[in-house]
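Undergrad: Predicted structure and sequence below. I'll ask about it afterward.
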Amino acid sequence: MNHIFISLCWLLLFACSPILNTEEDSTINQEIQPGAWQVSDYLPLLKDKKVGLCVNHSSKIGKIHLLDTLISLGINIPKVFTPEHGFTGTADAGEHVADEQTEGHQLISLFGEKREPSDEDVSGLDVIIFDMQDVGVRFYTYISTMHYMMEAASRNNIAFIVLDRPNPNGSYVDGPFLHESLRSFVGLHPIPIVHGLTIGELAKMIVGEAWLKDELTVDLTVIPVQNWNHATPYTLPLKPSPNLPNDMSIALYPSLCLFEGTIASVGRGTNASFQHIGHPDYPDSTYSFTPSPREGAKTPKYNGQLCYGLDFRTETIDYNFTIEPLIDFYNEMGKPDEFFTPYIKLLAGDLDDQIKSGMSAEEIRESWKQELANFKEMREKYLMYE
């Protein structure tokens, strides 16, 4: 029986391996194989176990969803947990996602009434698998969901498996740090905005640095990516969330998401979200856009209003973190007392105070230089890919 079980595993892997491209993208490097593809490495850990999945639309082996794959192999999956944007990845940022009961398993939302799974939610499970596409930025909330799932697994002696995926922003580390007083769901860990880790590497850091509540530990297994390292460019096979539609938006996201803590629009409600920024009162009318409702942005900021601003789509894709656009836009707007909202503190600490005080980009960068150096040294302990 075990021979048949493993043979099915290899048959599935063979069937899926040539197919990483999806309808959304045909340029993906087919040699890169995310952890989910290494079926034969983790399938024996699931045999005769009750398995919970923490997944979304990106949790695929080629074109086949991980849930469907494991069900076809006879794995018992009574519960499925979903993050922000829901199982289908189409809900708005911040939109309440409800629990569902489907045939064969319970779908438990971790972006509805709660962010943390309860002991009752994970009761009866032997193993929890976490598999979804991250983009390597502190305030991208999938890693917060992973953290809380790890705590629930730890409290209940449940094994935790991370099926690792490449980090498209994994080639560098940069940005200000999160400090304990500003800890929130958009920032749980004392790391820079761009941390340069895969979700598997970050999971190892969370355990190794005792960041789980009450210094809990967890039985952690990370299934690594094959044929990828931190210097390898990676085009995602599909959108990791509704408003990150392409490589440009993902590269700009660490920098332009700071505008979410301002009165400006980041282009939600357009076909170029996180690729342009604007405001109805921006003084330069050379470039403009008008947000309107669409999937993933049902009620966009400045809905139906003409916004003037800056378009970054003509620039070469460059994976780096910059605060210059934020400083320049702040100065051009001429609204020092109303430009920043309280949300900026959760995203970037005292960056708004530094900008309002007139500090230059170079001076601001100098203020986080030592913390960044310390983090890079610590990060070396957890790297799985050269």
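TA: That came through fine. Fair warning: this is a prediction, and the values are worked out from it, not measured in the lab.
Undergrad: For the rest of this, base every contact and every neighbour count on C-alpha atoms.
TA: Noted.
Undergrad: so who does L46 touch?
TA: L46 makes contact with 75, 127, according to Cα atoms under 8 Å, 6 or more residues apart in numbering.
Undergrad: Where does the prediction get shaky in this protein?
TA: 1-30, 99, 101-103 (pLDDT under 70).
Undergrad: Enumerate every residue touching the residue nearest to L212 when sequence neighbours are not counted.
TA: Excluding the flanking residues, the one nearest L212 by Cα to Cα, 6 or more residues apart in numbering is E151, at 6.2 Å. Contacts of E151 were listed using Cα under 8 Å, 6+ apart, and they are 212-213, 216, 218.
Undergrad: So which residue is smack in the middle of this structure?
TA: By Cα atoms, centre = their mean, the chain has its centre lying nearest to D134, at 3.3 Å.
Undergrad: I figured that residue hits P240, correct?
TA: Yes: look at D134 against P240 with Cα atoms under 8 Å: they come within range, at 7.0 Å.
Undergrad: what about L216, neighbour count?
TA: For L216, the count of nearby residues is 15 (other Cα atoms under 10 Å).
Undergrad: Check whether it really touches R155, as I assumed.
TA: Yes: applying Cα under 8 Å as the test, L216 and R155 come out as touching, 7.5 Å apart.
Undergrad: tell me which residues in the helix or strand where T69 lies are buried?
TA: Using DSSP states H and E, T69 sits in helix 66-72. Across helix 66-72, burial judged by 16 or more other Cα atoms under 10 Å covers 66-67, 69-70.
Undergrad: May I have the distance across stretch 365-373, first residue to last?
TA: End-to-end distance for stretch 365-373, by Cα to Cα, to the nearest Å: 12 Å.
Undergrad: let's have the chain start at 235 instead
TA: Okay, using 235 as the starting number, the last item reads as stretch 599-607.
Undergrad: distance between it and the chain's centre?
TA: Taking Cα atoms, centre = their mean, to the nearest Å, one finds stretch 599-607 lying 24 Å from the centre of the chain it belongs to.
Undergrad: how about the strands of this structure, start to end?
TA: Counting by DSSP state E, one finds strands in the chain at the ranges 284-289, 294-295, 298-299, 310-316, 334-336, 339-343, 361-365, 393-397, 408-411, 426-428, 454-457, 510-513, 522-523, 541-545.
Undergrad: any chance of the ones you listed in a markdown table, plus distance to R502 and mean neighbour count?
TA: Compiled in a markdown table, the strands of the chain are given as follows (distance: least, Cα to Cα, whole Å; neighbours: other Cα atoms under 10 Å):
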| stretch | distance to R502 | mean neighbour count |
| --- | --- | --- |
| strand 284-289 | 24 | 23 |
| strand 294-295 | 26 | 24 |
| strand 298-299 | 27 | 14 |
| strand 310-316 | 22 | 23 |
| strand 334-336 | 27 | 11 |
| strand 339-343 | 23 | 20 |
| strand 361-365 | 26 | 25 |
| strand 393-397 | 30 | 23 |
| strand 408-411 | 23 | 23 |
| strand 426-428 | 21 | 24 |
| strand 454-457 | 34 | 19 |
| strand 510-513 | 9 | 25 |
| strand 522-523 | 11 | 20 |
| strand 541-545 | 12 | 21 |
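Undergrad: Okay, domains of the chain per the record?
TA: Here the domain assignment for the chain is 236-471, 481-583, based on automatic domain parsing.
Undergrad: closest one to E614 among the ones you listed?
TA: Relative to E614, the nearest member of the domains of the chain by Cα to Cα is domain 236-471, separated by 10.0 Å.
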